[in-house]
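Undergrad: no letters, just coordinates:
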């Protein structure tokens, strides 16, 4: 089956809004006659802010393929083979449990109190009654619920097809490495902001 990737709907919308605000402010500063900031400072600040927004809000993701789950948090990337996975939870965010590690997925936060109420109402309107003791983060119309379903559906399908070896989770390593690409984006964003301050 093809690789599937999940990013939070909320953060994608938020990114679009913030990028639009950054662009509008930059254009305003570049075209307003009363503003004396050097254009280089404005451009550097706008690009730096946009890069930080990308690195912090847009880049986190969770992907599944036939080999396992890949979690891209802001700083670290985790590779979790299916044989190492023992439990999927959504208490505070999507969490992947292995024998030695619990990995919180930045891209799939569980809803807060207000978001939980809205999600439960929306789910009842479209699907009917919510089952008792269902966590808000499990609702399929929340980011954590959609991401959890993505992981569980692939995991269970491969397990049922006999493609996930059982009983070896303790011996299967989870790969952890720095997200150098995203760290470079964040560093470039910080440099842009500093440069804007220096030039301004």
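TA: Cool, got the structure. Note that the coordinates shown come from a computational prediction; the quantities given were computed from them, not determined experimentally. Numbering: from 1, shown residues only.
Undergrad: what's the neighbour count on the nearest residue to residue 102 once chain neighbours are set aside?
TA: Closest residue to residue 102 apart from its sequence neighbours, by CB to CB, 6 or more residues apart in numbering: residue 95 at 5.6 Å. No exception for glycine: its C-beta is placed from N, CA and C like everyone else's. Residues near residue 95, counting by other CB atoms under 10 Å, number 19.
Undergrad: pretty sure residue 92 sits against residue 110.
TA: Yes. With contact defined as CB atoms under 8 Å, residue 92 and residue 110 form a contacting pair (5.5 Å).
Undergrad: please say which of those two ends up with more neighbours.
TA: residue 110 (24 against 11).
Undergrad: got a pLDDT number for the closest residue to residue 170 other than its chain neighbours?
TA: Nearest non-adjacent residue to residue 170, counting by CB to CB, 6+ apart: residue 99, 4.9 Å away. For residue 99, the pLDDT comes out at 96.
Undergrad: apart from its chain neighbours, what residue comes closest to residue 77?
TA: Excluding the flanking residues, the one nearest residue 77 by CB to CB, 6+ apart is residue 179, at 4.9 Å.
Undergrad: right, and the helix or strand after the helix or strand harbouring residue 15?
TA: For residue 15, the host element (DSSP states H and E) is helix 9-31. Later in the chain than helix 9-31, the nearest helix or strand by DSSP H and E is helix 39-53.
Undergrad: chain center to that following helix, what's the gap?
TA: 23 Å (CA atoms, centre = their mean, to the nearest Å).
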